[in-house]
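Trainee: make a model of this:
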Amino acid sequence: MHEDFDRCYLAVRSQDPRFDGWFVTAVTSTGIYCRPSCPARVPHRRNVRFLPTAAAAQRAGFRACKRCRPDATPGSPEWDGRADVVARAMRLIADGVLDRAGVPGLAAALGYSVRQLERVLVAEVGAGPVALARAQRAQTARVLVETTDLPMADIAFASGFASIRQYNDTVRAVFAVTPSALRRSASGGGALGRVAGASGALALRLPFRLPLSPDSVFGHLAATAVPGVEEVVGDTYRRTLRLPHGPGIVGLTPRPGHIDCRLELTDLADLPAAIARCRRLLDLDADPEAVDEALAADRRLAPSVADAPGRRVPRTVDGDEFAVRAVLGQQVSTAAARTAAAGLVAAHGERLEAPSGALTHLFPAAGALTGARPALPASRARTLALVVDALVDGRLDLGPGSDRDRARRTLADVAGVGPWTVEMVAMRALGDPDALPVGDLGVRRGAGRLGLPDRPADLTGHAERWRPWRAYAIQHLWAATDHPVTRWPPPPGAPAAPHPTRPSRTRPTKEHPRP
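Mentor: Residues are numbered from 1 along each chain as shown. Here you go, the predicted structure:
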């Protein structure tokens, strides 16, 4: 989009926040780059350059605007919607892979040489992997400087910098102030929040593009919460996180204009990965206006879109976890799927050293489930074992940098995995915005209530008009039912989740939706 000068300049003149994250405005007369919605006076056309990313602006020598804070905008929707190597690289960099494995590790994960990857990224986003990681480290440093009282040396290394000097130089170059001055100028009303209390606990605000309807995503997470791993407290969804340097806990609460995010981390170096996974879980980088405009063109969906604009797709913080939960949820009710997952957590999950509320375990890693004998029907137990084997040996990659087409093919080749499981994993683990689980009973029921075809073949044909946003249309179909996934916060008196050490004996049914 940044190559369309007239369209970008019109967005800047109108200070339109819908375009925040799509590109940045670099002003040659001041050496500053801004988000499109910056409230400052609109610069002259002759003094403006439009660049695809903050990293590209920093690479070109521009510093971040202190007024609009372009580094705190939602991420570009492109990287979620696209499945090419650039999008995969951007998702991996956001997850902190470059800090953990370096450029060679990133290139190897994508099947490219370092030189090829550098060339592709510079051509597409205006910066190579090192510059992109530098921009992310600067943003992480800013969060820690403004929201904690950690010593600057600790912040430097937690942010991924190799030295304190590199940290100081980068912060000065990107923000035109020293780290100490940045801390002094921090205010409680900023976009990133304030200190949350104990060391390692952070309070942040996660931005998103308006509008946002929290019901479909938070309601789904609440209704399918696995005891011991997830819980709902009032209007806050909490869960444990398996992060590269140790376990973490997050609490997420929808607020007008942002998501309150409280993170408790074992190691602050996991902050970028934790934020990226929370954003992915809630689909916060989506472009809701583009989605709603496309879906509202279908007169059968238009009333639902008008009633709840900005529906998001509930995703996951861990692709491997969701694949296991999808198999557990095949052909059973939501309650039965939760019960089976709770039993798996109790038997094989890693117990937290410091439990928090009802959060006691991490969901079992795939490797911990090798040879597991869960209380499942024999056919589903075999399918689970085959999926676990594919995850452990690397044939099935569901991480942020995975090849979606290859993952779909690999999963579909597993005995016992049908189209419903493939599409649910594609939608929630792989983040495919066009996934279409038409075989889901709740989808068919919702379609019937909206006057749409309810036979899978007919609904698939009708859904061609929803491309490339069929996964978002599914949220509207589910919302047409009276299932608990459609309600947030959960109604008072909603049944408590079964305790992981006392699994319920809910009789399986074909109720929607599964995990």
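
Trainee: who's the closest spatial neighbour of Ala412, skipping the chain neighbours?
Mentor: Distances taken as CB to CB, 6 or more residues apart in numbering place Val422 nearest to Ala412, at 5.2 Å, with adjacent residues excluded. Heads up, the C-betas are built off the backbone N, CA and C, glycines and all.

Trainee: ok so the one you found is a helix residue?
Mentor: Yes - assessed by DSSP: H, G, I helix; E, B strand; the rest coil, Val422 belongs to a helix.

Trainee: my guess is it contacts Val414, does it?
Mentor: No - at 9.3 Å, Val422 does not count as touching Val414 under the criterion of CB atoms under 8 Å.

Trainee: where exactly do the helices run in the stretch 151-300 of the chain?
Mentor: 152-158, 164-175, 179-185, 214-223, 271-282, 288-295 (DSSP state H, counting those that start in this stretch).

Trainee: turn the ones you listed into CSV, columns for mean neighbour count, mean pLDDT and distance to Gly371.
Mentor: As requested, these are exported to CSV (neighbours: other CB atoms under 10 Å; pLDDT from 0 to 100; distance: least, CB to CB, whole Å):
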stretch, mean neighbour count, mean pLDDT, distance to Gly371
helix 152-158, 18, 89, 37
helix 164-175, 18, 92, 45
helix 179-185, 15, 87, 49
helix 214-223, 23, 92, 30
helix 271-282, 24, 94, 28
helix 288-295, 19, 94, 43
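
Trainee: ranges for the strands of this protein?
Mentor: Using DSSP state E, the strands of the chain run over 24-27, 32-34, 48-51, 63-64, 201-207, 230-233, 236-243, 246-255, 258-265, 350-356, 359-362.

Trainee: between those strands, which one is nearest to Arg142?
Mentor: strand 63-64 (8.9 Å; CB to CB).

Trainee: so how far is that closest one off the chain centroid?
Mentor: Offset of strand 63-64 from its chain centre (CA atoms, centre = their mean, to the nearest Å): 26 Å.

Trainee: residue ranges in the stretch 51-200 of the chain under the pLDDT threshold?
Mentor: The stretch 51-200 of the chain contains residues with pLDDT under 70 at 187-200.

Trainee: go again using 50 as the cut-off
Mentor: In the predicted model, the stretch 51-200 of the chain carries pLDDT under 50 at residues 188-199.

Trainee: outline the domain layout of the protein.
Mentor: 5-72, 78-185, 201-285, 319-486 (automatic domain parsing).

Trainee: these: which one's closest to Ala297?
Mentor: For the domains of the chain, distance to Ala297 was read as CB to CB. The smallest value, 7.2 Å, belongs to domain 319-486.

Trainee: hey, which helix is longest across this protein?
Mentor: If you go by DSSP state H, the chain has its longest helix at helix 129-147.

Trainee: that helix vs helix 271-282, what angle?
Mentor: If you take axes from the mean of the first three to the mean of the last three CA atoms, to 10 degrees, helix 129-147 sits at 90 degrees to helix 271-282.

Trainee: quick one: helix 129-147 to chain centroid distance?
Mentor: With CA atoms, centre = their mean, you get 18 Å for helix 129-147.

Trainee: cool, and stretch 13-27?
Mentor: Distance of stretch 13-27 from its chain centroid, counting by CA atoms, centre = their mean, is 22 Å.

Trainee: equivalent analysis for stretch 443-462, please.
Mentor: That offset, for stretch 443-462, works out to 28 Å (CA atoms, centre = their mean).

Trainee: with stretch 438-450 instead?
Mentor: Remark: stretch 438-450 is offset 26 Å from the chain centroid, using CA atoms, centre = their mean.

Trainee: what's the neighbour count on Val125?
Mentor: When counting by other CB atoms under 10 Å, one arrives at 23 neighbours for Val125.

Trainee: so for this structure, the centremost residue is which one?
Mentor: Central residue of the chain (CA atoms, centre = their mean): Arg280, 0.3 Å from the mean position.

Trainee: that one: what's its closest spatial neighbour, skipping adjacent residues?
Mentor: Closest to Arg280 by CB to CB, 6+ apart is Arg315, at 5.4 Å.

Trainee: kindly report the same for Leu263.
Mentor: Residue nearest to Leu263 in three dimensions, not counting chain neighbours: Leu202, with 4.7 Å by CB to CB, 6+ apart.

Trainee: the one you found pairs with what?
Mentor: For Leu202, the beta-bridge partners under DSSP bridges are Val195, Leu263.

Trainee: could you report the neighbour count for it?
Mentor: 25.

Trainee: any idea how far Val327 is from it?
Mentor: 34 Å (CB to CB, to the nearest Å).

Trainee: kindly report the same for Ala346.
Mentor: Ala346 is 18 Å from Val327, by CB to CB.

Trainee: so between these two, which is more surrounded?
Mentor: More crowded of Ala346 and Val327, by other CB under 10 Å: Val327, with 27 against 19.

Trainee: wait, that one touches Thr421, no?
Mentor: Yes - Val327 lies in contact with Thr421 (CB under 8 Å); the separation is 6.6 Å.

Trainee: tabulate the domains of the chain (JSON lines), appending distance to Asp292.
Mentor: Below are the domains of the chain laid out as JSON lines (distance: least, CB to CB, whole Å):
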{"stretch": "domain 5-72", "distance to Asp292": "12"}
{"stretch": "domain 78-185", "distance to Asp292": "15"}
{"stretch": "domain 201-285", "distance to Asp292": "8"}
{"stretch": "domain 319-486", "distance to Asp292": "8"}
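
Trainee: Gly310 is nearest to which of those?
Mentor: Judging these by CB to CB, what sits closest to Gly310 is domain 201-285, at 3.4 Å.

Trainee: return the distance of Tyr237 relative to Trp488.
Mentor: Distance, Tyr237 to Trp488, using CB to CB: 9 Å.

Trainee: can you list residues touching both of those two?
Mentor: Contact criterion CB atoms under 8 Å, 6 or more residues apart in numbering; residues shared by Tyr237 and Trp488: 218, 222.

Trainee: the two: who's more crowded?
Mentor: Taking neighbours as other CB under 10 Å, Tyr237 and Trp488 compare with Tyr237 leading, 26 against 22.

Trainee: for stretch 10-25, the distance to its chain's centre please.
Mentor: 22 Å.

Trainee: what distance separates the start and the end of it?
Mentor: Distance across stretch 10-25, first residue to last, is 12 Å (CA to CA, to the nearest Å).

Trainee: and the pLDDT at Lys510?
Mentor: Lys510 is assigned 34 on the pLDDT scale.

Trainee: about what we covered before: between the helices of the stretch 151-300 of the chain, which one is nearest to Pro43?
Mentor: Nearest of the helices of the stretch 151-300 of the chain (CB to CB): helix 164-175, 19.8 Å.
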